[in-house]
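Peer 1: sequence and predicted structure, then a few things I'm wondering about:
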Amino acid sequence: MKKKILLIEDDQIFSTVYRKKLLQDGFEVEIAPDGETGLELVHRFRPDAVLLDLMLPKLPGVDFIKRIRSEREFQQLPVVVFTNSYLTSTVQEARNAGATKCLAKADCTPGHVIATLHGVLNSDGNPNPPTGPAQDPVQTAAGSAQPEPAPGQRAVINPDDEFQDVLRKSFIDSLPSTLTGLRTLLQGLIKAENEAGRLQQIQQLYHRIRALTNNASIVGLFQITQMTDALEALLKELHDKPKNIHASTLRTVASAIDFLGVLFEQQGAAPDKQFYEANVLVVDDEATSRRAIDYALEKARLKSVCVEDPVQALQLLCKKKFDLIFLDVDMPSMNGYELCSKLRTLPSCKKTPVVFVTGLNDFESRANSSMSGGNDFIAKPFLFIELAVRALVYVWRGRLESAKNAPDILNAAQNVRTLPAPG
């Protein structure tokens, strides 16, 4: 007898693709576009497992889980959650409410998800125990039930799957119009004259970016999914907490959309696994600030080295190259402006992005940051997700530029080797 899967997802394209994949894998499938419809179908369809998005209209995913777990007959029903990997508090609520597995959309192809469903629908009816770090309940592709690409490697799409090939081509062909739509909404957000207008534009941007994350994950475009996953979380934060809509966060949204245009131009080029090997230097004499920045970078899967002494930081920069540097301004022995001016004299740091993160937010401070060689400025207190988005943009843009220049460097090296020896 076929196992029955209830898919609760409000993105029509996403749910259509998953329905086709599940049917191909031998499941019987029903789709609910919102939480309330999903609750009705649980009682009528009697699924063997539920595949649930957390961000749903009418009845949010966490509330859906609480409702079915309150009924004895559904207390053991496997519920596989997939959602934005940055919304850890919401995912933790889902886990506490009784979710069986929590998967990150940006990391999971349909193959990952179907493998997880097979895992929870084992012979004895008991769901697999949760895996992954205790501090982050979202399970990524690396923790799925079958061998899959490592983080930083794009999932390989079966060339025999004609449907998948058509979907991928259609997605890539739509990228120019998608970018135009995003830029139009961004202009509307910047020009909005009141909070209501800004919230309306942010909500539209959020839904557009969320759909983009879903579709890019289906066709295996790793770079786009990772960028939009972070931007989606930032837009949700701004919509839920309008007080955080200000010049700094709007600049971050704008820079992310601008960088998406760069990624779109790649048209699905194979991602570089070195994105996950990028190193970021954090220089701040306040332990709390260092921990906050380190946490934000960890969410973006960027490795960081944190230093409290500017002199020690300069010595480190003389020995090691970093992809991005975050600097505080007020520090003992050497302030951030002085450190930035000095590091710009180092050959390895001439083009390294430098972002000041400081409580100083006046015009003079911003001018000094620029004159000393800084690229950007984030005022404290900052949103974790804002800093994560800003870091991803700088690191990935730098890596793409390095990759673009690599053939020229290689050719130059080869030309040098072919020159006749002196004398």
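Peer 2: Received the coordinates, thanks. Numbering: from 1, shown residues only.

Peer 1: any idea of the mean pLDDT for stretch 369-381?
Peer 2: Mean per-residue pLDDT for stretch 369-381: 84.

Peer 1: residues in contact with the closest residue to residue 69 other than its chain neighbours?
Peer 2: Take residue 69 and drop its neighbours on the chain: the residue closest to it by CB to CB, 6 or more residues apart in numbering is residue 98, 4.2 Å away. From N, CA and C alone the C-beta is placed, and that goes for glycine too. Neighbouring residues of residue 98 by CB atoms under 8 Å, 6 or more residues apart in numbering: 65, 66, 69, 75, 79.

Peer 1: got phi/psi on the fourth one?
Peer 2: Read that as residue 75. Here is the backbone geometry of residue 75 (degrees, to the nearest 10): phi -70, psi -30.

Peer 1: okay, now it: neighbour count?
Peer 2: Residues near residue 75, counting by other CB atoms under 10 Å, number 10.

Peer 1: and the closest residue to it other than its chain neighbours, what does it touch?
Peer 2: Among residues not flanking residue 75 along the chain, residue 69 sits closest, at 5.7 Å (CB to CB, 6+ apart). Contact partners of residue 69, counting by CB under 8 Å, 6+ apart, are 75, 97, 98.

Peer 1: looking at these, which is nearest residue 324?
Peer 2: residue 97 (37.1 Å; CB to CB).

Peer 1: surely the closest one and residue 66 touch.
Peer 2: Yes. Under the criterion of CB atoms under 8 Å, residue 97 makes contact with residue 66 at 4.9 Å.

Peer 1: which residues does residue 54 contact?
Peer 2: 60, 61, 62, 81, 83, 87, 90, 91, 94.

Peer 1: for the chain, what spans make up the helices?
Peer 2: Using DSSP state H, the helices of the chain run over 12-24, 35-45, 61-69, 88-97, 110-120, 162-191, 195-219, 222-240, 247-266, 287-299, 310-319, 336-343, 363-371, 384-418.

Peer 1: run the angle between the fifth one and helix 195-219 for me.
Peer 2: This points to helix 110-120. 80 degrees (axes from the mean of the first three to the mean of the last three CA atoms, to 10 degrees).

Peer 1: so which elements touch helix 110-120?
Peer 2: helix 12-24, strand 49-53, strand 79-83, strand 101-104 (3 or more CB pairs under 8 Å, 6 or more residues apart in numbering; DSSP states H and E).

Peer 1: please repeat the previous calculation with a cut-off of 10 Å.
Peer 2: strand 4-8, helix 12-24, strand 49-53, strand 79-83, strand 101-104, helix 195-219 (3 or more CB pairs under 10 Å, 6 or more residues apart in numbering; DSSP states H and E).

Peer 1: which parts of it are buried?
Peer 2: Using 16 or more other CB atoms under 10 Å as the test for burial, helix 110-120 gives 110, 111, 112, 113, 114, 115, 116, 117, 119, 120.

Peer 1: got the residues you listed as a markdown table, with pLDDT columns?
Peer 2: Converted to a markdown table, those look like this (pLDDT from 0 to 100):
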| residue | pLDDT |
| --- | --- |
| 110 | 82 |
| 111 | 81 |
| 112 | 83 |
| 113 | 87 |
| 114 | 88 |
| 115 | 88 |
| 116 | 89 |
| 117 | 91 |
| 119 | 90 |
| 120 | 89 |
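
Peer 1: now distance to residue 206 too, for the residues you listed, in JSON lines please.
Peer 2: Formatted as JSON lines, these follow (distance: CB to CB, whole Å):
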{"residue": "110", "distance to residue 206": "24"}
{"residue": "111", "distance to residue 206": "27"}
{"residue": "112", "distance to residue 206": "24"}
{"residue": "113", "distance to residue 206": "23"}
{"residue": "114", "distance to residue 206": "28"}
{"residue": "115", "distance to residue 206": "29"}
{"residue": "116", "distance to residue 206": "26"}
{"residue": "117", "distance to residue 206": "28"}
{"residue": "119", "distance to residue 206": "31"}
{"residue": "120", "distance to residue 206": "30"}
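
Peer 1: nearest to residue 380, of those residues?
Peer 2: Of the buried residues of helix 110-120, the one sitting nearest to residue 380 (CB to CB) turns out to be residue 112, at 37.8 Å.

Peer 1: surely the closest one and residue 118 touch.
Peer 2: No. Residue 112 is beyond contact range of residue 118, at 11.1 Å (criterion: CB atoms under 10 Å).

Peer 1: any idea how far stretch 106-126 is from the middle of the chain?
Peer 2: Here the centre of stretch 106-126 is set off from its chain's centre by 22 Å, with CA atoms, centre = their mean, to the nearest Å.

Peer 1: could you do stretch 283-302 as well?
Peer 2: For stretch 283-302, the distance to the chain centre is 17 Å (CA atoms, centre = their mean).

Peer 1: output that stretch as PDB, restricted to C-alpha atoms.
Peer 2: Output of stretch 283-302 as PDB, limited to C-alpha atoms (Å, rounded to 0.1, in the frame of the first residue of the first chain):
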ATOM      1  CA  VAL A 283      38.800  43.400  15.700                       C
ATOM      2  CA  ASP A 284      37.000  44.800  18.800                       C
ATOM      3  CA  ASP A 285      38.100  45.300  22.300                       C
ATOM      4  CA  GLU A 286      34.600  44.600  23.700                       C
ATOM      5  CA  ALA A 287      34.000  40.800  24.300                       C
ATOM      6  CA  THR A 288      30.200  41.200  23.900                       C
ATOM      7  CA  SER A 289      30.600  42.800  20.500                       C
ATOM      8  CA  ARG A 290      33.100  40.200  19.300                       C
ATOM      9  CA  ARG A 291      30.700  37.400  20.400                       C
ATOM     10  CA  ALA A 292      27.800  39.100  18.600                       C
ATOM     11  CA  ILE A 293      29.700  39.500  15.300                       C
ATOM     12  CA  ASP A 294      31.100  35.900  15.600                       C
ATOM     13  CA  TYR A 295      27.600  34.600  16.100                       C
ATOM     14  CA  ALA A 296      26.300  36.400  13.000                       C
ATOM     15  CA  LEU A 297      29.100  35.100  10.900                       C
ATOM     16  CA  GLU A 298      28.600  31.600  12.200                       C
ATOM     17  CA  LYS A 299      25.000  31.800  11.000                       C
ATOM     18  CA  ALA A 300      26.300  32.800   7.500                       C
ATOM     19  CA  ARG A 301      28.700  29.800   7.800                       C
ATOM     20  CA  LEU A 302      31.800  32.100   7.600                       C
END
